[in-house]
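Undergrad: starting from these lines, generate the structure:
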Amino acid sequence: MALARTRRGDSGMNYWPGFVDALSTLILGIIFLLTVFVVVQFYLQQEVAGKDTALGRLNAQIAQLTELLSMEKSGKTNLEDQLAQLRATLATTENERDRLKGTAENAGAGITAAQGKVSELTGQIEGEKKISARALAQVEVLNQQIAALRRQLAAIEQTLDAAEKKDKESQSQITELGQRLNLALAARVNELKRYQSDFFGKLREILGNRSDVRVVGDRFVLQSEVFFDTGKADLRPEGRLELEKVAGALLELEKQIPTDIAWVLRVDGHTDVRQIAAGGVFKSNWDLSAARAISVVQYLVGKGVSPQRLVAAGFGEFQPIDPGKTEDAYKRNRRIEFKLTER
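TA: Predicted structure coming up:
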């Protein structure tokens, strides 16, 4: 080589060898840079592929979390907000990853900055994984709370079923008691009717076969003329004698009827439709009928009949038994009625 240079030096300056050396050096340098670039790009692609796999797993976890959270929407609003933020962050990360991949493919000048970005994104992904883990823990807590609520609801349903069963049993018992009470009341009513029949029979025997005394349904009817003068409520002497017989029959009846039967003798006063003359003691037929019924009751009490067994009522002209306008109809409507009934 030196000899060649010497020879060329003899003939003049020869730059070709130096040019060849410089060109070889330049080519070697370019090849080295390309090799470094290819190696760096390979490792960068491997790193990005690993991040894609991690992102794929993270997306799968997010999908699972989304499916779980969708089943409990009403109680997990805060978790949905966190997941929404997580998705937004992931979308941003993916966009950033795509941008960095494009940058790496188009040029190798920003490799160092890209690696820094990748490290930053890796840290963000790790943080997001931690957030996902917390979200899963909260979901598990919520599931446990829901299970406890379901157990409480089951206990409440059992309590309600027991209450309904007890209510049905109570209703059955009430129905049975009502039927028994109705039977007992019917028996009492029948028993009272029997005593009423006996009492009216005795009254019929005591008062004799008089035309002004009659039985109408469950009432013993006597004309007012038996006891009172027209327009008055003071008992006539003949009426006192008749009431004395009635009092004796009532005293005997009180001894016969059991004390547990709540019975009373109702004394009803009635008048005809003709109005009382002005200036009299009584302002209306109602006052007159009530006063007559009270007079009868007071006389019976005076003869020893228990006042707890007597009731006085005045009906005036409003309950006629004969709607006619004749003297006979008026006479029939002026009456005193005895009715043995329950208290």
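Undergrad: which SS class is Ile261?
TA: coil (DSSP: H, G, I helix; E, B strand; the rest coil).
Undergrad: actually Ala312, sorry about that
TA: strand.
Undergrad: domain-wise, how is the chain divided?
TA: Split into domains by automatic domain parsing, the chain comes to 2-159, 208-342.
Undergrad: how about the helices in the stretch 101-250 of the chain?
TA: For the stretch 101-250 of the chain, helices defined by DSSP state H, counting those that start in this stretch occupy the ranges 111-207, 237-256.
Undergrad: export the domains of the chain to JSON lines and tack on mean neighbour count?
TA: In this view, the C-beta of every residue, glycine as well, is placed from N, C-alpha and C. Supplementary listing: these in JSON lines, determined by neighbours: other C-beta atoms under 10 Å:
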{"stretch": "domain 2-159", "mean neighbour count": "13"}
{"stretch": "domain 208-342", "mean neighbour count": "16"}
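Undergrad: I'd like to know which elements the host helix or strand of Asn95 is packed against.
TA: Assigned by DSSP states H and E, Asn95 belongs to helix 77-106. Judged by 3 or more C-beta pairs under 8 Å, 6 or more residues apart in numbering; DSSP states H and E, helix 77-106 is in contact with helix 16-71, helix 111-207.
Undergrad: how about the domains of the chain in a markdown table, adding distance to Gln173?
TA: Below are the domains of the chain laid out as a markdown table (distance: least, C-beta to C-beta, whole Å):
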| stretch | distance to Gln173 |
| --- | --- |
| domain 2-159 | 21 |
| domain 208-342 | 24 |
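Undergrad: any chance of the ones you listed in JSON lines, plus distance to Thr175 and mean pLDDT?
TA: JSON lines is the format used below for those (distance: least, C-beta to C-beta, whole Å; pLDDT from 0 to 100):
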{"stretch": "domain 2-159", "distance to Thr175": "24", "mean pLDDT": "78"}
{"stretch": "domain 208-342", "distance to Thr175": "23", "mean pLDDT": "89"}
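Undergrad: identify the residue nearest Gln115 in space, chain neighbours excluded?
TA: Distance criterion C-beta to C-beta, 6 or more residues apart in numbering; nearest residue to Gln115, sequence neighbours excluded, is Leu44 at 7.5 Å.
Undergrad: do Thr271 as well
TA: That would be Asn285: by C-beta to C-beta, 6+ apart, it lies 4.1 Å from Thr271.
Undergrad: residues in contact with that neighbour?
TA: Thr271, Asp272, Val273, Gln275, Ile276, Gly316, Glu317 (C-beta atoms under 8 Å, 6 or more residues apart in numbering).
Undergrad: which SSE is the second one in?
TA: Using DSSP H and E, Asp272 sits in no helix or strand.
Undergrad: next one: phi and psi at it?
TA: The phi and psi values for Asp272, taken as degrees, to the nearest 10, are phi -90, psi -180.
Undergrad: and the angle from the helix holding Asn95 to helix 16-71?
TA: Angle of helix 77-106 versus helix 16-71, following axes from the mean of the first three to the mean of the last three C-alpha atoms, to 10 degrees, is 160 degrees.
Undergrad: any idea how far helix 77-106 is from the middle of the chain?
TA: From the chain centre to the centre of helix 77-106 is a distance of 50 Å (C-alpha atoms, centre = their mean, to the nearest Å).
Undergrad: then stretch 255-267?
TA: Counting by C-alpha atoms, centre = their mean, stretch 255-267 comes out at 48 Å from the chain centroid.
Undergrad: with stretch 216-231 instead?
TA: The answer for stretch 216-231 is 60 Å, by C-alpha atoms, centre = their mean.
Undergrad: could you tell me the end-to-end distance of it?
TA: In stretch 216-231, first residue to last residue: 24 Å (C-alpha to C-alpha, to the nearest Å).
Undergrad: show me the contact partners of that stretch.
TA: With contacts defined as C-beta under 8 Å, 6+ apart, stretch 216-231 is touched by 193, 196, 200, 203, 207, 212-215, 234-236, 238-239, 242-243, 268-271, 276-277, 280, 282, 288, 292, 295-296, 321, 331-332, 334-341.
Undergrad: OK, contacts around the residue sitting nearest the centre point of the chain?
TA: Closest to where the C-alpha atoms of the chain average out (C-alpha atoms, centre = their mean) is Leu160, at 12.5 Å. By C-beta under 8 Å, 6+ apart, no residues touch Leu160.
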